[in-house]
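> structure for this input, please:
(one chain, ligands or ions: 2)
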Amino acid sequence: MSDVTSNTMPPSSPVLPGQQAQAILSDMDISFTPALEKEMSPLYDRISSVVPEIEWPFFAPYVKAINELKREKNAVILAHNYQTPEIFHCVADVVGDSLQLAREAAQAKGDMIVQCGVHFMAETSKLLNPDKKVLIPDMGAGCSLAESITGADVKALRQAYPGVPVVTYVNTSADVKAESDICCTSSNAVAIVEAMAKEFNSNKVLCIPDEFLAQNIARETDIEVIAWKGRCEVHEQFSADEIRQYRADDPGLVIIAHPECPPEVVDESDFSGSTSGMIKWVQDNQPERVLMVTECSMSDNVAVENPNVNFVRPCNLCPHMKQITLPKVLEALVFDRQEVLVDADVAADARLAVQRMIDINN
Ligand code: 13P
Ligand code: SF4
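Ligands and ions are numbered 1, 2, ... in the order given. Below you'll find the predicted structure:
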């Protein structure tokens with residue numbers, strides 16, 4: 001397999017998207033033959049309810065090639081719950097919400113990590129694995145929350161609110177984390193806010209940058225939560241009217257929402273939690289029909305393991321998460337690209353903020 005890189009076009013060649021990946025498949029002599037179809041059929045059977053039959057001949061050769069290369073290069077693929085089912089179920093070694101991925105990254109065994117998620121997730125993995133190569137299949141996979149705030153903004157907030165602890169959502173750049181006291185995710189935010197208020201002996205906590213997450217946290221604690229004005233471009237689209245309409249159309253429908261949604265949407269829901277919290281809720285409660293008010297791929301991923309649950313899918317896709325595709329994962333593995341690096345000075349402080357969160361959680 002070592003000749004794969006030498007026989008294919010160099011990464012800088014002006015080629016069409018996917019063209020390099022196809023060249024890699026042909027170098028590896030992998031195509032959708034009857035033999036490959038048979039070999040991969042148990043995998044396809046598992047995801048057939050969410051991946052149309054017509055798409056499998058395109059995906060299957062990539063799945064085969066990625067899994068071969070992953071073993072050869074001793075790479076670990078971490079995938080967020082919002083990744084598409086062919087990534088989530090067919091090539092990922094570890095799947096989860098932001099907290100689970102950070103924890104798993106901290107214990108990652110392989111020589112290299114391929115992050116199927118967005119840039120801040122890959123940066124978090126790099127912070128926790130400074131000596132490992134961390135790759136993201138598309139450097140352009142950003143996040144509207146991460147883009148809403150800079151390290152300079154956090155410095156200014158500290159001046160405006162002296163002595164008030166800064167709790168920063170992991171959906172931020174390493175620069176922002178480095179200026180923060182601690183990180184949080186949607187699955188531990190209330191506990192972290194309360195722990196910081198106690199440690200700093202403060203009745204106020206800055207909770208940045210997600211305005212809606214901060215408002216949702218504020219309703220679960222007596223601590224005064226000061227918010228920033230960032231929003232998730234996926235979750236901010238949901239409205240209480242829309243949720244009420246779903247209920248009116250189907251009174252038996254169970255509705256569960258992510259806390260990045262506006263508080264009035266969470267109010268209309270039966271449960272709210274992180275992506276993994278929502279998955280666990282469905283697994284434990286097995287509702288007949290459920291509406292997961294969050295990014296659309298997650299319902300597909302959960303549906304595979306919950307065949308008795310019917311998922312009503314409001315299809316809000318995260319354009320950043322969807323930058324990650326099987327051809328790009330294959331190219332990442334072959335060319336060791338695109339490597340995520342964090343400036344050493346920033347990394348030291350940012351790592352402290354992430355590690356502190358993991359330690360409190362543990
Ligand atoms: P969690 O998976 O931690 O709930 O985060 C959701 C999200 O929007 C990640 O980008
Ligand atoms: Fe960012 Fe929202 Fe996309 Fe998550 S779903 S990566 S918070 S834009």
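
> who touches Phe59 in this structure?
Phe59 makes contact with Val51, Glu86, Cys90, Leu326, according to Cβ atoms under 8 Å, 6 or more residues apart in numbering. (C-beta placed from N, C-alpha, C; glycine too.)

> mind checking the SS state of it?
Applying DSSP: H, G, I helix; E, B strand; the rest coil to Phe59 yields a three-state assignment of helix.

> per-residue confidence at it?
Listed pLDDT for Phe59 reads 98.

> buried ones only from the contacts of Phe59, please, as a PyMOL command.
A single PyMOL command selects the buried members of the contacts of Phe59 (16 or more other Cβ atoms under 10 Å):
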select buried, resi 51+86+90+326
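
> okay if I get the contacts of Phe59 as JSON lines plus distance to Asp349?
Listed next are the contacts of Phe59 as JSON lines, based on distance: Cβ to Cβ, whole Å:
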{"residue": "Val51", "distance to Asp349": "42"}
{"residue": "Glu86", "distance to Asp349": "37"}
{"residue": "Cys90", "distance to Asp349": "37"}
{"residue": "Leu326", "distance to Asp349": "36"}
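
> all strands for the stretch 201-350 of the chain, in order.
For the stretch 201-350 of the chain, the strands defined by DSSP state E, counting those that start in this stretch occupy 204-208, 224-227, 254-257, 271-272, 289-293, 310-312.

> need the winner for burial among these.
Neighbour counts (mean count of other Cβ atoms under 10 Å) averaged over each of the strands of the stretch 201-350 of the chain peak at strand 204-208, with a mean of 25.

> re earlier: nearest to Pro57, out of the strands of the stretch 201-350 of the chain?
Across those, Pro57 has its closest neighbour in strand 310-312 (25.5 Å, Cβ to Cβ).

> tell me the contacts of the residue nearest the centre of the chain?
Closest residue to the average C-alpha location of the chain: His80 at 3.6 Å, with Cα atoms, centre = their mean. Shown in contact with His80 (Cβ under 8 Å, 6+ apart): Val95, Gly96, Asp97, Ser98, Leu101, Cys116, Gly117, Val118, Met121, Thr275, Met321.

> of all pairs in the contacts of Phe59, which one spans the longest distance?
Spatial extent of the contacts of Phe59 (Cβ to Cβ) is set by the pair Val51 and Leu326 at 11.4 Å.

> that older thread, quick one: which of the contacts of His80 is most hemmed in?
Within the contacts of His80, neighbour counts (other Cβ atoms under 10 Å) peak at Cys116, which reaches 31 neighbours.

> so it touches Asn81, yeah?
No: with contact defined as Cβ atoms under 8 Å, Cys116 does not count as touching Asn81 (10.7 Å).

> distance between the ends of stretch 100-111?
Taking Cα to Cα, to the nearest Å, stretch 100-111 runs 20 Å from one end to the other.

> looking at stretch 310-328 now, give me its mean pLDDT.
94.

> ugh, wrong one, stretch 351-360
93.

> check the offset of that stretch from the chain's centre.
18 Å (Cα atoms, centre = their mean, to the nearest Å).

> now swap in stretch 224-241 and tell me
That offset, for stretch 224-241, works out to 18 Å (Cα atoms, centre = their mean).
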